[in-house]
Structure formats: C-alpha cells, structure tokens
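J.: Pasting the sequence and the predicted model now:
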Amino acid sequence: MHLKNTDLYTSLHTYISQVNQEFDQIPAARKKVLQELALFVEEKVKAGEVARLIFICTHNSRRSHMAQLWAQAAAVFYDIPRIASFSGGTEATAFNYRAVKAMQAAGFNITEIKPGDNPRYTVHYSDNVPPIIVFSKQFSHTENPSDNFCAVMTCSEADQNCPMVPGASLRVTLPYEDPKDFDNTPQETAKYSERVHQIAREICYAFSLIKKSLW
C-alpha cells in the first residue's frame, strides 16, 4: 500500500518538517554517503522494484532501529513508493528501552507486545498501514532480506567487524555515536534525543534527494 504524505502521524510530519530545514548542518562527507544511499533507492524505484534497506549496528539495540523507523516514515513524508526498511546486528540483544522512549518522544507509536530479554514491539507511524514488528536480531535473520538490498552500517564496530555483508547489492558506512555511552548519566535523555534527531535529519536528507529525482 502506497501512503500519502498526509497519512503520516501529525507529530512525525511536524518533526520531519523541522529536520527538513537543517540539511545544511550535515557534513559534506556524510552527504556523499547519503547520496549513494539515495541513488540506490532511486534506481530501484524507477525500475519498479522494492528498495530494501538493512540498517546494521553491533547489537541491533539503538541506532539501527532508529534509522530503520525513520526510513519508513521518511518514505511516506517524501512520497517515495516501494520502500522496505529492516535492521539487524552482528549479534542480537534487545531494542533498548531508552531508544524506544526516545523514538516515542519523536512521535512514533511503539507498543510492547511480547516481553522478555528480547521484547517485540509494534511500531505505528500511520493509522493507515499495518505496524512494523521490531525486535533485536542478527542482520542475517530470516525476517530480513537475504539478497538485493543496501546494507547501511550505522556503527563503526559493526563496520569493522563485518567488511562484507552477504547478499548486499550496496554497502555504505554511516556511523553514529552510541547514546549508550550516556546511559545512567544526567545527559542520558538529551543524548538519546540528539541521536534520534541526527539520524532523522540524515535519513530525511537522503529521501529528499530521491523525491527531487523522481518527481
């Protein structure tokens, strides 16, 4: 189902509209990487194919989930069809509750549906589409695509430990500082919010380029 820009939750629409004004804050070197990502998606969409993106970090607990969810929301905001975003790690742990709270604060509707050491959550970004089911998993998990996808490495450790991602048509390196470094400190909430915002800004920049090319 192809959603319209107005199908996005108002809170997310407002958030993306804000970061849409901040693209000048993105360093040139990172823009170059984001342009590679945009070109991959553009080529798939123009060919009538699904553009599959897997965002990868070490534990699939924070940054990779943030990027996955922003990619799906950005696709709606910028009216880009046939986007399927996924996430994974070089190992599985759990979608950290601090990252969950930070994404909720940004406007995503996230609900725990299966508790435990590695909880499962539903994530809504629109009332007009089924939710995304998220949990921590390795990038090679059966719920992720096994070929013809773009692997986006969102942390330096995963980038170094996984120089090749089997099945990837393209691999790009887009590392983010880990907000985990500020867990249980007075800066915790601010640092998680900062990382959510940075990832939103950069993912939205890539999708804005796709929109300009397609429309």
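T.: Happy to help now that I have it.

J.: Nearest residue to the middle of this protein?
T.: A67 (1.8 Å; Cα atoms, centre = their mean).

J.: for whichever strand or helix holds it, packing partners?
T.: Element membership for A67, per DSSP states H and E: helix 63-77. Applying 3 or more Cβ pairs under 8 Å, 6 or more residues apart in numbering; DSSP states H and E, one finds that helix 63-77 contacts helix 10-19, strand 51-57, strand 83-89, helix 97-106, strand 132-134, helix 188-214. No exception for glycine: its C-beta is placed from N, CA and C like everyone else's.

J.: Can you point out the buried residues in the longest one?
T.: Going back to what we said before, that points to helix 188-214. 188, 191-192, 195-211 (16 or more other Cβ atoms under 10 Å).

J.: By average pLDDT, which secondary structure element in this protein comes out worst?
T.: Lowest on mean pLDDT, DSSP states H and E among the helices and strands of the chain sits helix 156-161, with a mean of 73.

J.: Could you list which residues are in contact with the residue of the chain most remote from its centre?
T.: In the chain, counting by Cα atoms, centre = their mean, P186 sits farthest out from the average C-alpha position, at 26.2 Å. Counting by Cβ atoms under 8 Å, 6 or more residues apart in numbering, P186 touches no other residue.

J.: Give me the pLDDT for it.
T.: P186 carries a pLDDT score of 97 in this model.

J.: do the same with P119
T.: 97.

J.: Give me the phi and psi angles of it.
T.: Torsion angles at P119 (phi, psi; degrees, to the nearest 10) stand at phi -60, psi 160.

J.: so it sits right up against F95, yeah?
T.: Yes: P119 is in contact with F95 according to Cβ atoms under 8 Å; the separation is 6.8 Å.

J.: Need the overlap of contacts for these two.
T.: F135.

J.: Number of residues surrounding D117?
T.: By the measure other Cβ atoms under 10 Å, the count of residues near D117 is 8.

J.: so what's it closest to, chain neighbours aside?
T.: Distances taken as Cβ to Cβ, 6 or more residues apart in numbering put A94 closest to D117, at 6.3 Å, once the chain neighbours are dropped.

J.: and the one you found, what does it touch?
T.: 61, 117-119, 135-136.

J.: what residue ranges in this structure score low on pLDDT?
T.: For the chain, residues meeting the criterion pLDDT under 70 lie at 1-4, 159, 161-163, 215.

J.: I'd like the helices and strands packed on helix 63-77 laid out as a markdown table, including distance to K32.
T.: As requested, the helices and strands packed on helix 63-77 are arranged in a markdown table below (distance: least, Cβ to Cβ, whole Å):
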| stretch | distance to K32 |
| --- | --- |
| helix 10-19 | 19 |
| strand 51-57 | 18 |
| strand 83-89 | 21 |
| helix 97-106 | 26 |
| strand 132-134 | 29 |
| helix 188-214 | 11 |
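
J.: Cool, thanks, talk later.
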